[in-house]
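Asks: Curious how this folds, go ahead:
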Amino acid sequence: MIPALRYLGQAAAYALFAAFIGYFAAAPAYTYRPPDMAEIKLSFSHGGQRKGGCRPLSAEEIAKLPPNMRRTQACPRERVPVLVEMEADGRLLYRDLLPPSGLASDGPSRAYRRFALAPGAHRLELRLRDSERASGFDYQRIIDVELRPRQNLVVDFRPEAGGFVVR
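Replies: Numbering: from 1, shown residues only. Below is the predicted model of the structure:
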């Protein structure tokens, strides 16, 4: 009789635990954004230009290198930070100076940001500087978009495609 009660109690405890998990898996509704809004995602990984530029090696410096590592130029590993700006309808949504990743600051700079905008027509201005220039931008794009409610618009950066890519 006692083992039967023990199994019955254990089954009741498991049922309560399953009901608890089941309730919290479905009941509290979570919305990622209001249903009447659209979302723009700025997401990219891009390495800025190398800091300082390359310099030619002298014949003596080349001779000191092991045969399998001989090269004609010495280039620094460190990259410049990437400056990115995004405006919607003349209002600045995002501006950040993204440092390079990696222990030697030689990796790409990364950005991932989400912005909620009202549906309708918008003018996006996208700018990026990945060089050592003091002012101005290396890449710029102005695009007119028509956003629908609950739409996801992704802004990526691909230098081989000419700069900003909007999908």
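Asks: use CA for all of it now, contacts and neighbours both
Replies: OK.
Asks: Residue 101: neighbouring residues, count only.
Replies: Per other C-alpha atoms under 10 Å, the neighbour tally for residue 101 reads 16.
Asks: How about the one 4 residues further on?
Replies: Residue neighbour count, defined by other C-alpha under 10 Å, stands at 17 for residue 105.
Asks: Then residue 97?
Replies: 16.
Asks: Settle this for me: it is touching residue 85, isn't it.
Replies: No: if you go by C-alpha atoms under 8 Å, residue 97 and residue 85 don't touch, sitting 9.0 Å apart.
Asks: And stretch 114-123, end to end?
Replies: Stretch 114-123 has its terminal residues 17 Å apart, counting by C-alpha to C-alpha, to the nearest Å.
Asks: What lies in contact with that stretch?
Replies: Contact with stretch 114-123 is made by 33, 36-42, 88-90, 93, 142-149, as judged by C-alpha atoms under 8 Å, 6 or more residues apart in numbering.
Asks: what pLDDT, on average, does that stretch get?
Replies: Per-residue pLDDT over stretch 114-123 has a mean of 97.
Asks: quick one: buried residues of it?
Replies: 116-117, 119, 122 (16 or more other C-alpha atoms under 10 Å).
Asks: And stretch 149-165, by the same measure?
Replies: For stretch 149-165, a neighbour-count test (16+ other C-alpha under 10 Å) marks 150-153, 155-157, 163-164 as buried.
Asks: that older thread, could you single out the nearest of the buried residues of stretch 114-123 to residue 63?
Replies: When the buried residues of stretch 114-123 are compared for distance to residue 63 (C-alpha to C-alpha), residue 116 wins out at 58.5 Å.
Asks: Okay, and the closest one sits in which element?
Replies: Using DSSP states H and E, residue 116 maps to strand 109-117.
Asks: pLDDT score for residue 1?
Replies: pLDDT at residue 1 comes out at 65.
Asks: from here on, count from 24
Replies: In the new count, where the first residue is 24, that last one comes out as residue 24.
Asks: What about the closest residue to residue 100 other than its chain neighbours, how many residues nearby?
Replies: Distances taken as C-alpha to C-alpha, 6 or more residues apart in numbering put residue 129 closest to residue 100, at 5.4 Å, once the chain neighbours are dropped. For residue 129, the count of nearby residues is 20 (other C-alpha under 10 Å).
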